[in-house]
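# Next come a sequence and a model predicted from it.
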Amino acid sequence: MTVRRIVANLSTPDPALAREFYGRLLGLDVVMDHGWLMTFASGGSQTPQVSVASEGGSGTPVPALSIEVDDVDDVLARARAHGAEIVYGPCDEAWGVRRFYVRDPFGNLVNILTHRS
């Protein structure tokens, strides 16, 4: 048996609001839209993962999503330009990531990160 994909399902009264945040801010493409359910994806390859945590690291709350990007500072600049609520960071963490937390339009805490080389 092989797990092919893991999908996070975030509750919202208006999936169309996600297009601005997940589409424009993060550059994700809408790959499925049923009106009541909208799925975003990128062309990159991923390995299915599930994380469980008692905290988000550095004493922060556990985020609903962690999204790895190639340029965290670019996404941070776009988040600020869009008026998104930055909850934590940006900061370079001891475990080798640069990250910040942002709230999506539905109140979910999203960890945006880049692994430092």
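Looks like it arrived, so ask away.
# mind checking the end-to-end distance for stretch 1-20?
36 Å (C-alpha to C-alpha, to the nearest Å).
# in it, what's buried?
Buried residues in stretch 1-20, counted by 16 or more other C-beta atoms under 10 Å: 12, 15, 18. Just so you know, the C-beta spots here come from the backbone N, C-alpha and C atoms, and that holds for glycine as well.
# okay, and for the protein, where does confidence drop off?
For the chain, no stretch has pLDDT under 70.
# mind running it again at 90?
Low-confidence segments of the chain, defined by pLDDT under 90: 1-7, 14-17, 20, 43-48, 117.
# can you map out the helices along it?
Along the chain, counting by DSSP state H, helices occupy 18, 72-81.
# Bridge partners for the most centrally placed residue in the chain, pull those for me.
Nearest to the mean C-alpha position of the chain, counting by C-alpha atoms, centre = their mean, stands Ile67 at 3.9 Å. Beta bridges link Ile67 to Ile112, judged by DSSP bridges.
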